[in-house]
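[1] From the sequence below, what's the structure:
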Amino acid sequence: MKQQWMSGRRAATAAAGALALTGAMLATQNAAAAPLPVPSALSAASARQLAHRVESDFADRTAGSYYEAKTGKLIVNVVDDATADSVRRAGAEPRVVKRSMAQLNSARRTLKDQASIPGTAWSVDPLTNKVVVKADRTVTGDRLARLTKVVRSLGDSAMLKTTSGTFRPLIAGGDAIWGSGARCSLGFNVTVGGQPYFLTAGHCGNDVSHWSDQQGGSDLAVTQASTFPGHDYALVRYTVDTDHASAVDLYDGSSQPISGAGYATVGEQVQRSGSTTGVYGGQVTGLDATVTYQEGQVSGLIDTTVCAEPGDSGGSLFDGETALGLTSGGSGDCSSGGETFFQPVPDALQAYGAQIG
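    Just a heads-up that it's a prediction; the model follows:
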């Protein structure tokens, strides 16, 4: 059995007074407001957990966040001083910006309604506090003119970039988990009701019902459920007794144990494992990205600078022992570089009632 079958977000506020007892008298002493705490340095894992907590607690009062690896700070965008104080007390560094998440989401809705053009993608960039819209090389002529017009109508809340590659799901005909005429990569081993399954990309599950670990080999698993477009995840049930360890193949004779799943953070350094190119690293650049492939639109994706190639679809995005994503698609390759989008693993786990391990 090949290793790939093991492969497999985020005290008190002031002192009101002090009591002093002198003999039989109780006197009240006024105290100045306590200074706000200085956020301590965070690891990537701690920043990921804090980002998810802040997002949950102050969702309508923040405008995205990102992790600064050099300083160990989680920077959270806010639009008012009161939220800034709350964010600092939570352990993050607030940054006052111009546009709220409500304004940015309004721009995203306009793009979805008026510019869902194959070959485009967009996500909120917390560093620029804008929606970054990308067009691949297939977006030309009238379609590019239409996209440009919509982006301009959004003023300074959006910006348009072009890429020389083509946004496509990274499926291939050809090694790793094999189906009839298709090759993908296993994401993460999971369990459902105590039974062994694994996750891969939905566009892989749509194309393949029976899976093997070699071309033309006997069946080892069958697709139980698959979603694409909209989302990009599939649940595959093992049909034979094999090793179901929660680990990612590092393609150097070793593997990375996986102990749980989490949501990625912008600025986080991550790794991807896939059957075509092995292991490559990069950085998370955007969350909740929307990509319009030729085959349909997918939302809620992780945008990264990690490269990938056909056949890497479904493969593992991870940071240490944390499962983050399933390879969906992108542009470029691992020779010239590229951009790859990932389906968040927690969403797939929730959809299927699955768990890591």
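
[2] Now do the contacts for residue 330.
    The contact partners of residue 330, by Cβ atoms under 8 Å, 6 or more residues apart in numbering, come to 165, 167-168, 170, 307-308, 338-341. To be clear about C-beta, it is placed using only N, CA and C from the backbone, and glycine gets the same treatment.

[3] which residue packs closest to it, ignoring adjacent ones?
    Spatially, and ignoring its direct neighbours in sequence, residue 330 is nearest to residue 340 (3.6 Å; Cβ to Cβ, 6 or more residues apart in numbering).

[4] Give me the distance from the host helix or strand of the one you found to the chain's centre.
    Under the assignment given by DSSP states H and E, the secondary-structure element containing residue 340 is strand 337-344. With Cα atoms, centre = their mean, to the nearest Å as the basis, strand 337-344 stands 9 Å off its chain's centre.

[5] Identify the residues contacting that strand?
    Contacts with strand 337-344, where a contact means Cβ under 8 Å, 6+ apart, come from 121, 134, 163, 165, 167, 170, 201-202, 231-233, 263-264, 272, 282, 289, 291, 298, 300-308, 317, 324-332.

[6] Show me what the next helix-or-strand element following it is packed against.
    Downstream of strand 337-344, the first helix or strand assigned by DSSP H and E is helix 345-352. Contact partners of helix 345-352 among helices and strands, from 3 or more Cβ pairs under 8 Å, 6 or more residues apart in numbering; DSSP states H and E: strand 188-192, strand 195-200, strand 233-238, strand 260-261, strand 322-333.

[7] Can you check which of these gets nearest to residue 64?
    For residue 64, the closest of these is strand 322-333, at 17.5 Å, according to Cβ to Cβ.

[8] quick one: strands adjacent to that closest one?
    In the sheet containing strand 322-333, the strands it pairs with under DSSP bridges are strand 168-169 (antiparallel), strand 260-261 (parallel), strand 316-319 (antiparallel), strand 337-344 (antiparallel).

[9] sorry, back to before: which among the helices and strands packed on helix 345-352 is found nearest to residue 146?
    strand 322-333 (20.4 Å).

[10] Buried residues in that closest one, which are they?
    Applying a neighbour-count criterion of 16 or more other Cβ atoms under 10 Å, one finds 322-332 buried in strand 322-333.

[11] now that strand and strand 233-238, what's the angle there?
    Angle between the axes of strand 322-333 and strand 233-238 is 110 degrees (criterion: axes from the mean of the first three to the mean of the last three Cα atoms, to 10 degrees).

[12] What mean pLDDT does strand 322-333 get?
    When pLDDT is averaged over strand 322-333, the result is 95.

[13] Check stretch 54-72 too.
    Here stretch 54-72 scores 92 as its mean pLDDT.

[14] Repeat that for stretch 292-306.
    When pLDDT is averaged over stretch 292-306, the result is 97.

[15] Likewise for stretch 159-167?
    pLDDT averaged over stretch 159-167 gives 94.

[16] which intervals of the protein have sub-threshold pLDDT?
    Counting by pLDDT under 70, the chain shows low-confidence ranges at 1-39, 171-175.

[17] Residue ranges of each domain in it, please.
    According to automatic domain parsing, the chain comprises the domains 3-7+168-356, 44-96.

[18] Looking at the contacts of residue 330, which is nearest residue 248?
    residue 308 (14.5 Å).

[19] Verify the stated contact: the closest one with residue 277.
    Yes. The pair residue 308 / residue 277 is scored as a contact, 6.6 Å apart, by Cβ atoms under 8 Å.

[20] Show me whatever sits in contact with both of those two.
    Common neighbours of residue 308 and residue 277, counting by Cβ under 8 Å, 6+ apart, are residue 334.

[21] Same drill for the two, tell me which one is more crowded.
    When residue 308 and residue 277 are compared on other Cβ atoms under 10 Å, the one with more neighbours turns out to be residue 308, at 31 against 22.

[22] Let me know the distance separating that one from residue 124.
    According to Cβ to Cβ, to the nearest Å, residue 308 stands 22 Å off from residue 124.

[23] do the same with residue 325
    Relative to residue 124, and taking Cβ to Cβ, residue 325 is found at 17 Å.

[24] Also residue 309?
    Per Cβ to Cβ, residue 309 is found 27 Å from residue 124.

[25] Nearest to the spatial middle of this structure, which residue is it?
    Against the mean C-alpha coordinate of the chain, by Cα atoms, centre = their mean, the closest residue is residue 302 at 3.2 Å.
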